[in-house]
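K.L.:
coords please:
(2 chains)
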Amino acid sequence: MPLVSFRDVEKTYRSLQGVDYHAVEHFSLDIEAGEFFCLLGPSGCGKTTVLRMLAGFEAPTAGEILMDGRPVTGASRDRAVVFQGDDSLYGWLTAIENVEFGLRMRRVPKAERRERAMRYLDLVGLTGQAQKYPAELSGGMKQRIQIARVLANEPTMLLMDEPFAALDAQTRALMQEELANIWQAERTTVLFITHDIDEAVTLGQRIGVMRAGPRSGVKGVVDVALNGARNRTDDTFLAYYRQVYAMIRDEVAAAIARTR
Amino acid sequence: MRRLWSVYGGYVVGFASLFVIWHLASVYLVSSVLFPPPAVVFKKGVVLLRNGVLCDNLSASLQRILMGFIAGSVLGMPIGLAMGSFRPVRKLLEPYTEFLRFIPSVAMITVAVIWFGIGEASKIFLIIYTTIFIVILNTAAGVSAIAPNKIRAAESLGATRAQIFLHVALPATLPYILTGMRLAMANSFTTIVAAELIAANDGLGKMLWDGRLFMLVDDIFVSLVTLGLLGFAVDRMFRWSIYTFAGKYSPTT
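P.N.:
Now for the predicted structure:
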């Protein structure tokens, strides 16, 4: 049984003028336990909508989302979310206090949660920044804090919504590498949303390509048979890149044509 | 010493220039008993300090402001939080806040005196009236300004609704609450003077009124300068305490 299954999920938004927008329709997808799944699609295709529904922030209009065979009804600590921007961090808490937030809410004793938070801060390479406030940290560091915060809470799976999109190219490449290493060590199930083919091929074990919206769904899934560290100049890497690019090219064109 | 100067130097020069200009204006520009120079006002201030008149009036006004201000803030905060958090509560209470906040507290002096007499009760009522709406509006605005992702993150980290309120909504709103309180404090000065001008047995406003009644121009100026200095000092204290105790809640300011 897959860990997560989307079954014929549909999400419709109604505008203030009463016009319906069908973001996704007949969206079906299975995510296996322990895999790193990248959901790739052109902007505005409903990737974030899919993540929000799985996170439990929004309910599907039709269809169902199952996790461990049970329907998703709301947010829960088994589905931790890493957001794109830094506005989810708590500006009045230090880095380490942000990381131990979930543990504190569950009333884990102070000494234990400090130790666990410290371990995950160390994992993301921020031991020296523990006592700083988010406003004192760079964009890359803030995303690391977010990653440490969700990992410390030991969720069943991670939902990542373009977590590196706002970072500069060098920092992004470094963060991708570190996330790959962390995933190799932790093997938590990940649903990673991105619009970047390179990022998807670098990180994903499987890549789901979405059609352009509206009424978006999964166009196809690519298995990436690459293990360990991935090299962007490697022939196999480039072959996957081309394969995914061929799938998404028309969708990007459609997305641009629609918004024109 | 150098650091001290770089922090406070501007203030010292600024205040000094204020008194120099006042002095020049009153000695050379409008040489009249109706506009005493700072030295005369200062001397009179010392006299009024020595005989206790200034202290009595000052503490009377300050006590009224503080009591009303604290009561108004304590009442306003939970109402503002509830209005910002729950739509039905906002809909229910908005007619009250939106209606009453446009009736200036100065206009309420009339009914305050009729209802509560010219004693302390009417003054404290007026300061509460002045404070509460500003605190409510700022608190409610603060709650609705919380980034939705802060709430979502807490939900997916396993926080309960009560925990989200206590550990996310409240601290995220604190800078707005404190800003509201600071504005309310400034308005309280206006209200208390107006109220004391009209009906009071003591206070800085009463001192102003008596000065006019008995043509004690120096007394009027002592009262005015005291109001200015008091307001300045209280606002600085407020800023200092925001910075010291709540600085981390808004690291950008």
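K.L.:
Every contact and neighbour count from this point should use C-alpha atoms.
P.N.:
Will do.
K.L.:
Following element in sequence after whichever strand or helix holds B:Ser73, please.
P.N.:
For B:Ser73, the host element (DSSP states H and E) is helix B:53-85. Proceeding N to C from helix B:53-85, the next assigned helix or strand is helix B:87-100, under DSSP H and E.
K.L.:
Just checking the distance from that next one to the centre of its chain.
P.N.:
24 Å (CA atoms, centre = their mean, to the nearest Å).
K.L.:
in that helix, what counts as buried?
P.N.:
B:90, B:93, B:97 (16 or more other CA atoms under 10 Å in any protein chain shown).
K.L.:
quick one: average pLDDT of the helix holding B:Ser73?
P.N.:
The pLDDT scores in helix B:53-85 average 94.
K.L.:
Relative to chain B, how far out is A:Tyr245?
P.N.:
Distance, A:Tyr245 to chain B, by CA to the nearest CA, to the nearest Å: 32 Å.
K.L.:
what sits against that residue?
P.N.:
Applying CA atoms under 8 Å, 6 or more residues apart in numbering or on different chains, we find A:Tyr245 in contact with A:Ile197.
K.L.:
Please identify the nearest residue in space to the closest residue to chain A within the stretch 1-150 of chain B, excluding sequence neighbours.
P.N.:
The minimum distance from the stretch 1-150 of chain B to chain A, using CA to the nearest CA, falls at B:Lys150 (4.2 Å). In space, B:Lys150 comes closest to A:Ser88 once its chain neighbours are excluded; the distance is 4.2 Å by CA to CA, 6 or more residues apart in numbering or on different chains.
K.L.:
on that earlier part again, now tabulate the buried residues of helix B:87-100 in JSON lines and tack on distance to A:Gly44 and pLDDT.
P.N.:
JSON lines is the format used below for the buried residues of helix B:87-100 (distance: CA to CA, whole Å; pLDDT from 0 to 100):
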{"residue": "B:Arg90", "distance to A:Gly44": "34", "pLDDT": "93"}
{"residue": "B:Leu93", "distance to A:Gly44": "39", "pLDDT": "94"}
{"residue": "B:Thr97", "distance to A:Gly44": "41", "pLDDT": "91"}
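K.L.:
What's the local residue count around the residue in the stretch 101-250 of chain A that chain B sits nearest to?
P.N.:
Across the stretch 101-250 of chain A, the shortest distance to chain B (CA to the nearest CA) belongs to A:Gly102, at 4.9 Å. Using other CA atoms under 10 Å in any protein chain shown, A:Gly102 has 26 neighbouring residues.
K.L.:
ranges for the helices of chain B?
P.N.:
B:2-24, B:38-50, B:53-85, B:87-100, B:105-116, B:120-144, B:148-156, B:161-164, B:170-198, B:204-213, B:217-246 (DSSP state H).
K.L.:
What are the buried residues along the second one?
P.N.:
Which is helix B:38-50. Within helix B:38-50, judged by 16+ other CA under 10 Å, the buried ones are B:38, B:41-42, B:44-45, B:48.
K.L.:
Following element in sequence after the host helix or strand of A:Leu174, please.
P.N.:
Using DSSP H and E, the element containing A:Leu174 is helix A:169-186. Sequence-wise, the next helix or strand downstream of helix A:169-186 (DSSP H and E) is strand A:189-194.
K.L.:
what about that following strand and chain B, touching?
P.N.:
No - judged by CA under 8 Å from any CA of the partner chain, strand A:189-194 stays clear of chain B, getting no closer than 14.7 Å.
K.L.:
List every C-alpha atom in that strand, with coordinates, as PDB.
P.N.:
The C-alpha trace of strand A:189-194 is given here as PDB (Å, rounded to 0.1, in the frame of the first residue of the first chain):
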ATOM      1  CA  THR A 189       9.300  10.400   2.700                       C
ATOM      2  CA  VAL A 190       9.400  13.700   0.800                       C
ATOM      3  CA  LEU A 191       7.000  15.400  -1.500                       C
ATOM      4  CA  PHE A 192       9.100  18.200  -3.100                       C
ATOM      5  CA  ILE A 193       7.300  20.800  -5.200                       C
ATOM      6  CA  THR A 194       9.400  22.600  -7.900                       C
END
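K.L.:
neighbouring strands for it, and are they parallel or not?
P.N.:
Each strand paired with strand A:189-194, and its direction, by DSSP bridges: strand A:36-40 (parallel), strand A:157-161 (parallel).
K.L.:
Dump the ones you listed into JSON lines; add mean pLDDT, distance to A:Pro71 and mean neighbour count as well.
P.N.:
Formatted as JSON lines, the strands paired with strand A:189-194 follow (pLDDT from 0 to 100; distance: least, CA to CA, whole Å; neighbours: other CA atoms under 10 Å in any protein chain shown):
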{"stretch": "strand A:36-40", "mean pLDDT": "94", "distance to A:Pro71": "20", "mean neighbour count": "26"}
{"stretch": "strand A:157-161", "mean pLDDT": "94", "distance to A:Pro71": "15", "mean neighbour count": "22"}
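K.L.:
what's the closest of those to B:Phe69?
P.N.:
Comparison of those against B:Phe69 by CA to CA identifies strand A:157-161 as nearest, at 45.4 Å.
K.L.:
Outside of the closest one itself, which residues are in contact with it?
P.N.:
Contacts of strand A:157-161 (CA under 8 Å, 6+ apart): A:48, A:51, A:55, A:78-84, A:150, A:188-194.
K.L.:
Repeat that for stretch B:86-106.
P.N.:
B:82-84, B:126-127, B:129-130, B:133, B:191, B:194-195.
K.L.:
circling back: kindly reformat the strands paired with strand A:189-194 as JSON lines and extend each row with distance to A:Thr94.
P.N.:
Formatted as JSON lines, the strands paired with strand A:189-194 follow (distance: least, CA to CA, whole Å):
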{"stretch": "strand A:36-40", "distance to A:Thr94": "30"}
{"stretch": "strand A:157-161", "distance to A:Thr94": "22"}
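K.L.:
which one of those strands lies closest to B:Met77?
P.N.:
Across those, closest to B:Met77 is strand A:157-161 (CA to CA), at 35.2 Å.
K.L.:
what distance separates that closest one from the middle of the whole chain?
P.N.:
For strand A:157-161, the distance to the chain centre is 4 Å (CA atoms, centre = their mean).
K.L.:
Could I have the CA atoms of that strand written out in CSV?
P.N.:
What follows is strand A:157-161, C-alpha atoms only, in CSV (Å, rounded to 0.1, in the frame of the first residue of the first chain):
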residue,chain,number,x,y,z
MET,A,157,6.7,12.7,5.7
LEU,A,158,8.0,16.1,4.6
LEU,A,159,6.1,18.4,2.3
MET,A,160,8.4,21.0,0.7
ASP,A,161,7.0,23.8,-1.3
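K.L.:
Could you pick out the residues of the stretch 51-200 of chain A near chain B for me?
P.N.:
Going by CA under 8 Å from any CA, the residues of the stretch 51-200 of chain A near chain B are A:55, A:57, A:75-81, A:83, A:87-93, A:101-102, A:105-106, A:133, A:135, A:150, A:153.
K.L.:
And the buried ones among the residues you listed, selectable in PyMOL?
P.N.:
Only the buried entries of those go into this PyMOL selection, using 16+ other CA under 10 Å:
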select buried, chain A and resi 55+57+75+76+77+78+79+80+81+83+87+88+89+90+91+92+93+101+102+105+133+135+150+153
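K.L.:
Of the residues of the stretch 51-200 of chain A next to chain B, which belong to helices?
P.N.:
Among those, the ones falling in helices (DSSP H) are A:55, A:101-102, A:105, A:150.
K.L.:
Which of the residues of the stretch 51-200 of chain A next to chain B fall in strands?
P.N.:
A:79-81 (DSSP state E).
K.L.:
Please identify which of those residues is nearest to A:Arg114.
P.N.:
For those, the nearest to A:Arg114 is A:Ala80 (19.5 Å; CA to CA).
K.L.:
Would you confirm that that closest one contacts A:Ala152?
P.N.:
No - assessed by CA atoms under 8 Å, A:Ala80 is found out of contact with A:Ala152, at 10.3 Å.
K.L.:
mind checking pLDDT for the residue nearest to B:Lys150?
P.N.:
Reading off the model, A:Ser88 has pLDDT 93.
K.L.:
Would you check how far apart it and A:Arg149 are?
P.N.:
11 Å (CA to CA, to the nearest Å).
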